[in-house]
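*Asks:* Here is my input; please provide its structure:
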Amino acid sequence: MITIQEAISSVKNNATALFKETIKAVEKANGYYISRDVISPINMPPFRQSAMDGYALNLHGDLNYLLIDEVKAGDGHQPVLKEGEAIRIFTGAAVPDTANAVMMQEKVIANDNAITIEHQINLEQNIRPLGEQVKQGNIALKKGTKLTPAGIGYLTSLGITEVSVFKKPTIAIVTTGNELIEPGKELKYGQIYESNSKMLQSVLYSLKFYDVSLHKVADDYGKTVDLLKSVIENNDLVLITGGISVGDYDYVGKALNELQVEEVFYKVKQKPGKPLFFGKKVNTSIFALPGNPAAALTCFYVYVYIALQQMMDRTDVELPRVQGKSLSNFTKRGDRPQFLKAVYNNGEVELLEGQNSSMLQTFALSNALVFVPADVSQVNIGDNIETILLPV
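*Replies:* Numbering: from 1, shown residues only. All right, here's what the predicted structure looks like:
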């Protein structure tokens with residue numbers, strides 16, 4: 001049995017970056033990391049652009065101007081202004097080359113074909129210059145940038161329809177256990193509804209990992225070996241829940257051994273989630289998570305999350321940890337470090353009731369995990385405690 005820090009270091013050292021590229025349609029690339037610098041094919045804006053509704057001017061020493069034309073957003077014509085002339089213009093419209101300032105309409109008095117401005121203005125005032133955001137041929141977004149809705153909008157505004165991104169891992173979730181049935185079916189005595197697969201799929205989706213397949217296997221050794229062989233060969237990451245302990249019908253450990261999966265570690269000195277397995281075969285990482293739902297989700301946040309970030313070649317691989325002031329008392333039993341479900345808000349942390357590893361109700365209310373070290377047996381109100389902030 002190893003320590004938590006040893007387990008974290010082992011994951012960091014053994015979950016390797018995929019370095020695989022794929023081409024995605026820009027609108028489907030949210031959450032992906034750019035694998036190559038994106039070069040702008042155009043200037044943005046592609047013309048001198050009015051920043052507001054008003055009047056484009058060819059400046060002279062007087063406050064009075066002759067109004068000669070109008071340009072709306074999208075108009076393709078370019079009036080020629082002589083000194084002392086103006087045109088009506090609207091936000092986003094192209095400013096003619098012969099105009100050198102735009103006066104906002106609130107500071108203009110219009111009278112038929114003439115206008116009077118309130119005061120003199122500076123050259124190029126209220127005009128967005130050609131290529132203000134990015135110039136043609138320059139880098140629009142650098143390699144390694146995570147695409148967000150704003151980034152997708154930006155690339156689309158440059159006319160870019162596809163982008164090269166780092167491929168995300170393919171992930172298989174395997175659940176084991178004869179007692180598990182799908183929600184929607186009649187629950188018979190001795191059975192429970194299987195929730196781990198949808199829980200893990202949901203947290204993966206929330207992190208924008210969508211290439212996820214779900215698999216279920218009964219407590220049968222041969223079927224367990226066959227299924228695990230298939231998912232390990234065809235995925236970058238395999239998450240197994242249940243069957244990793246040493247009961248008569250826990251076949252996962254034996255199957256992984258037969259498949260010659262390299263064991264990196266098995267069992268971590270922690271609560272919940274002691275019976276955690278991490279191994280690899282070729283380039284596939286394999287986690288056998290505890291069957292208890294809260295323990296499985298805790299192990300996901302502490303360890304699997306790191307593996308996912310490593311696969312994406314990220315440097316910020318762990319969830320953020322902060323110090324929070326406890327609003328609760330807690331007595332830890334035993335000598336194992338413990339992760340407690342909690343609510344963090346503005347520097348304060350409330351430890352929740354129902355810390356049992358099989359209970360998800362409390363986890364459903366949590367936005368943080370509090371880490372209580374091995375040498376701490378008592379948390380008191382007002383204590384500063386290490387808090388892991390969960391992704392939202």
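*Asks:* partners of the strand or helix carrying L239, with directions?
*Replies:* Using DSSP states H and E, L239 falls within strand 237-241. Strand 237-241 pairs in its sheet with strand 171-176 (parallel), strand 284-289 (parallel), by DSSP bridges.
*Asks:* Export the helix or strand where I115 lies to PDB, keeping only CA atoms.
*Replies:* Element membership of I115, judged by DSSP H and E, is strand 114-117. In PDB, the C-alpha atoms belonging to strand 114-117 read as follows (Å, rounded to 0.1, in the frame of the first residue of the first chain):
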ATOM      1  CA  ALA A 114     -24.900  69.900 -43.600                       C
ATOM      2  CA  ILE A 115     -23.700  69.000 -40.100                       C
ATOM      3  CA  THR A 116     -22.100  70.800 -37.200                       C
ATOM      4  CA  ILE A 117     -19.900  69.000 -34.800                       C
END
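*Asks:* got the buried residues for that strand?
*Replies:* Residues of strand 114-117 classed as buried: I115, I117 (neighbour count, 16 or more other C-beta atoms under 10 Å). C-beta coordinates here come from the backbone N, C-alpha and C atoms, glycine included.
*Asks:* How about the contacts made by P391?
*Replies:* S206, L207, L319 (C-beta atoms under 8 Å, 6 or more residues apart in numbering).
*Asks:* Over to H215?
*Replies:* Counting by C-beta under 8 Å, 6+ apart, H215 makes contact with A172, I173, V174, T175, L227, V231.
*Asks:* Selecting buried members of these in PyMOL, what would you type?
*Replies:* The buried residues among those can be selected in PyMOL (16+ other C-beta under 10 Å) with this line:
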select buried, resi 172+173+174+175+227+231
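*Asks:* Same list, the contacts of H215, but as CSV with distance to L67 and pLDDT please.
*Replies:* Shown next, in CSV, are the contacts of H215 (distance: C-beta to C-beta, whole Å; pLDDT from 0 to 100):
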residue, distance to L67, pLDDT
A172, 69, 98
I173, 68, 98
V174, 73, 96
T175, 73, 92
L227, 77, 96
V231, 72, 98
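*Asks:* Could you dump the contacts of H215 into a markdown table and include distance to E6?
*Replies:* Listed next are the contacts of H215 as a markdown table, based on distance: C-beta to C-beta, whole Å:
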| residue | distance to E6 |
| --- | --- |
| A172 | 26 |
| I173 | 26 |
| V174 | 26 |
| T175 | 28 |
| L227 | 30 |
| V231 | 27 |
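*Asks:* got the CA coordinates for the longest helix along the chain in PDB?
*Replies:* The longest helix of the chain (DSSP state H) is helix 221-234. This file holds the C-alpha atoms of helix 221-234, laid out as PDB (Å, rounded to 0.1, in the frame of the first residue of the first chain):
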ATOM      1  CA  TYR A 221     -13.900 -14.700 -15.200                       C
ATOM      2  CA  GLY A 222     -13.800 -15.600 -18.900                       C
ATOM      3  CA  LYS A 223     -16.200 -12.800 -19.900                       C
ATOM      4  CA  THR A 224     -14.200 -10.300 -17.800                       C
ATOM      5  CA  VAL A 225     -10.900 -11.300 -19.500                       C
ATOM      6  CA  ASP A 226     -12.500 -11.100 -23.000                       C
ATOM      7  CA  LEU A 227     -14.100  -7.700 -22.400                       C
ATOM      8  CA  LEU A 228     -11.000  -6.100 -20.700                       C
ATOM      9  CA  LYS A 229      -8.800  -7.400 -23.500                       C
ATOM     10  CA  SER A 230     -11.000  -5.700 -26.100                       C
ATOM     11  CA  VAL A 231     -11.300  -2.300 -24.400                       C
ATOM     12  CA  ILE A 232      -7.600  -2.100 -23.500                       C
ATOM     13  CA  GLU A 233      -6.600  -2.800 -27.100                       C
ATOM     14  CA  ASN A 234      -9.100  -0.200 -28.500                       C
END
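*Asks:* got the angle between that helix and strand 237-241?
*Replies:* 150 degrees (axes from the mean of the first three to the mean of the last three C-alpha atoms, to 10 degrees).
*Asks:* Against which helices or strands is helix 221-234 packed?
*Replies:* Secondary-structure packing of helix 221-234 (3 or more C-beta pairs under 8 Å, 6 or more residues apart in numbering; DSSP states H and E): strand 171-176, strand 212-217, strand 237-241, helix 252-258, strand 284-289.
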